[in-house]
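In: this one's sequence-less:
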Ligand SMILES: Nc1ncnc2c1ncn2[C@@H]1O[C@H](COP(=O)(O)OP(=O)(O)OP(=O)(O)O)[C@@H](O)[C@H]1O
Ligand SMILES: [Mg+2]
């Protein structure tokens, strides 16, 4: 099954034997214990797993925010595990967009400026206004984060992540802090981007239901990939209920 | 504008109060630096130029009388470049319309031309014409004090004869940059004049035809002064030479050098304090900014901003604060330097002295301020740079707190929750709280040192003029005079009591240490001059042996009972061994005292006196002076009360102005530290305080948490400041102890109270500003913002 797919689809990310060990004094915490997985071009992947199973750790390493202890992360021709700070910085600058659970907008900048601060350093960005239109927030452009609701702030964060036209969009529990109705609006924005721009997307969640909107669901437990499930068809976020 | 720059501006806007407070402290540092270096350079430059252009002498000697032929032998001494012989004498002057006695120091110049050494700088008019004996050039400050111009007339009493003189010109001399009369403590331009006349005229008046009583020398480049001085002393010994000396013992030069030294100390000390404090404030501020912007930094990095971008971003934030402070400091420094130069010009008479701020000093000021700021902020900025972008994924961890020992104690159980919060906050931020207390303490210390000077200087004059110098008038004779002339003085109208003294110029020597001064011979129990010890208890004069000012005894490394060598510099030069009988403590000048008859015996003379101290009836001053000038052989008349008034004025003019200025700056430090702390504490606690308000705490209870913490730091800082200030004051009074004066180390209760009051006022002011914010605390928005 997997073999056939790898013929049709281009692999964007692949990891082999990826491990991550946190050392806290005497104690060693094995957050990842040999992860092998792929992300395919244009797909929307959902990663599920219990708290502490290593989802965030994996995503951080894929996005070049953190370094692995051992193993290989292949992005195109590059092995990110061996890459230095300079390479990782330009990798993040040009190829990856992030969405965080706590939005992490810069409070002293307006919605538009929060997007602009990223587009200004990228090679081929869209205009901030365009990005905000994609997430349906064109009217609130000049508002500061403190004047926006949680869901609106998260949509600004998505606009910020995709404005540079990244090759991959990595979202760590984008709906974690939101009620279901608002969460669905955010997921709609993510799906819209995935379809419109064909951006490879990975979404971390605790929520099994969200898996139904994915092309593929990767299950992590205790630092390993325990299951990969391919959906026959994707559901639209509007059809999800929790 | 780039968005990241917009963020910078918004951050600055939000922090404008703190930024301004820190900028003020930086400005103070840069200003004191610029002020000191600019003045230092302008004085040194003017000094060097004046010395060179007027060919200031390297070696000086006074003697009784030597024939002109001796000058050839002096010129032949190896190392001597040029000799200029001349006649110098003290005279009396009468200025039309001015009743006080005026003393003059008359110098001869070669007939109708400039001397080769110590040439005059003519401000107005010309030198006396050749062959004229009724023309005189006078010093500029004296001319200004009496509004004299070229062509005006004066009367001089030269060697007892009245002479009518015409002012030919107004001049400055490198010998008289600091123009102070013999035995004076301060310049008195109204009562002391320097004059220059043709050599022939002076020689006639003083019966010194074909002879000289003073010589000045320039040395060949690189020549050592010591052997030259020895050779001069040897040649002039038979002619009553009073020991040659180099520039270090030349009065004007010495005052100037001392001023330069003080400026040097100021150039280092004050900027260090201010910039140190500003570095601390910046480190606290930047630490706080970077802590609260952790998430923002991580996000920016996650989106590809590099470490360098982050360093530049936060570096620029610091840079702008520094720049604002430095620019303000340069402007204020330039303005103040201009004013200070005017003060200097009053006391140091250069042809010109201007304080132009050289661009390199502006650069220096900015660089030093930038360096201090970099030192203060590099840790915080490095934290921003090294922050892992993965941090963006994590919510900030709650700070860790512990129960302190106070809380666990019995007393602690009585504390209410708010006070507990205060104590835990202080314990949690122990390092910052300590530095804050030190910063506030430092400003209390500066205020203490500043006001300490007011009290101490006052005390100094009280001691000098109530306990030491008890006479109203001091009178010097031209030569030693028989004791019986005291009777004559007693009968002068207005004189209530007269006490004679003998005064002999000497060099005191103990091994390699020596000092030129004079021995005062006095009655066994003098009524008009008090001899006191450190505790101001009277000391009686021993029948034999010498008493020295304690400062001088220390300088010569002598203790009571030690023998010392006395080289007598008057009349027949002899060298004697004398015992140090004890020390006295007086705040002004240094002296040696001896029983008068014992001194007369040493001098192998009868009961002679050099002058007298008088108690007088102030109401009859005019009558008194007229009569005193008619007493034969009176060389000078000094008014003690006048001297005291003038010296107090001088202190008010300079020291107190400088210190008042320091007080202002110290106050700004206290304000900046407290305000900065308050703002940061407020920002850090805003959520917490809002939560408490939501839970039902009143405004007053919530305010107490914040204000209590800051007030507690100030309370701790006050004794710390007292301690530091006392140390500073002690160090200052020791560092400033010199032979001219010694500031006593006395700190009054008022001084302590004043410095405490200063920081309390600064604290209250900044807390008032914060209370406004506390009252406007918006619970909803405070709880909503996640920075
Ligand atoms: N900086 C760190 N230092 C030490 N241990 C860490 C660190 N970050 C993560 N861990 C540990 O690594 C393991 C995996 O953490 P990770 O954050 O990847 O889990 P997660 O699957 O994202 O969990 P959650 O669903 O709760 O977000 C956990 O046991 C966690 O405690
Ligand atoms: Mg996680």
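Out: Ah, there it is. Because the structure is predicted, anything quoted here is derived from the model rather than measured. Ligands and ions are numbered 1, 2, ... in the order given.
In: Could you pull out the helices in the stretch 401-550 of chain B for me?
Out: Ranges of helices within the stretch 401-550 of chain B are B:405-408, B:417-428, B:430-462, B:485-490, B:550-555, based on DSSP state H, counting those that start in this stretch.
In: Of the ones you listed, which is nearest residue B:621?
Out: helix B:485-490 (15.6 Å; C-beta to C-beta). Just so you know, the C-beta spots here come from the backbone N, C-alpha and C atoms, and that holds for glycine as well.
In: Going by contacts, tell me the helices and strands next to the closest one.
Out: The contact analysis (3 or more C-beta pairs under 8 Å, 6 or more residues apart in numbering or on different chains; DSSP states H and E) places helix B:485-490 against strand B:495-510, strand B:608-616.
In: ranking those strands by burial, who's on top?
Out: Most buried of those, by mean neighbour count (mean count of other C-beta atoms under 10 Å in any protein chain shown): strand B:608-616, with a mean of 22.
In: That one pairs with which strands, parallel or anti?
Out: Paired strands of strand B:608-616, with direction, are strand B:473-482 (antiparallel), strand B:495-510 (antiparallel) (DSSP bridges).
In: Go through these and name the closest to residue B:293.
Out: Closest among these, using C-beta to C-beta: strand B:495-510, at 67.4 Å.
In: ok so, going back, of the helices of the stretch 401-550 of chain B, which stretch is the most buried?
Out: Counting by mean count of other C-beta under 10 Å, the most buried of the helices of the stretch 401-550 of chain B turns out to be helix B:430-462, with a mean of 22.
In: OK, contacts around residue A:118?
Out: By C-beta atoms under 8 Å, 6 or more residues apart in numbering or on different chains, residue A:118 lies in contact with A:125, A:160, A:161, A:163, A:164, B:303, B:304.
In: Just give the number of residues close to the closest residue to it other than its chain neighbours.
Out: Spatial nearest neighbour of residue A:118, excluding adjacent residues (C-beta to C-beta, 6 or more residues apart in numbering or on different chains): residue B:303 at 4.7 Å. Other residues near residue B:303 number 24, with proximity taken as other C-beta atoms under 10 Å in any protein chain shown.
In: mind checking pLDDT for residue B:303?
Out: On the pLDDT scale, residue B:303 is placed at 88.
In: Would you quantify the distance from it to residue A:107?
Out: Here residue B:303 is placed at a distance of 16 Å from residue A:107 (C-beta to C-beta, to the nearest Å).
In: same question, residue B:575
Out: 85 Å.
In: Neighbour count for those two, which is higher?
Out: Higher neighbour count among residue B:575 and residue A:107: residue A:107, with 19 against 11, using other C-beta under 10 Å.
In: Quick one: neighbours of the nearest residue to that one once chain neighbours are set aside, just the number.
Out: Closest residue to residue A:107 apart from its sequence neighbours, by C-beta to C-beta, 6+ apart: residue A:145 at 5.3 Å. A total of 22 residues lie near residue A:145 under the criterion other C-beta under 10 Å.
In: Please apply the same query to residue A:122.
Out: 18.
In: sec struct for it, please.
Out: What DSSP: H, G, I helix; E, B strand; the rest coil gives for residue A:122 is coil.
In: Confirm for me that it is in contact with residue A:94.
Out: Yes: with contact defined as C-beta atoms under 8 Å, residue A:122 counts as touching residue A:94 (6.5 Å).
In: which residues are common contacts for those two?
Out: Shared contacts of residue A:122 and residue A:94, counting by C-beta under 8 Å, 6+ apart, come down to A:164, B:304.
In: Spell out which parts of chain A neighbour ligand 1.
Out: A:22, A:24, A:29, A:31, A:49, A:51, A:52, A:53, A:54, A:55, A:56, A:57 (C-beta under 6 Å from any ligand atom).
In: need the contact list for the fifth one.
Out: Taking C-beta under 8 Å, 6+ apart, we find residue A:49 in contact with A:55, A:219, A:220, A:221.
In: quick one: the helix or strand where residue B:195 lies to chain centroid distance?
Out: Secondary-structure assignment from DSSP states H and E places residue B:195 in strand B:192-198. When distances are taken as C-alpha atoms, centre = their mean, to the nearest Å, strand B:192-198 is centred 30 Å away from the chain's centroid.
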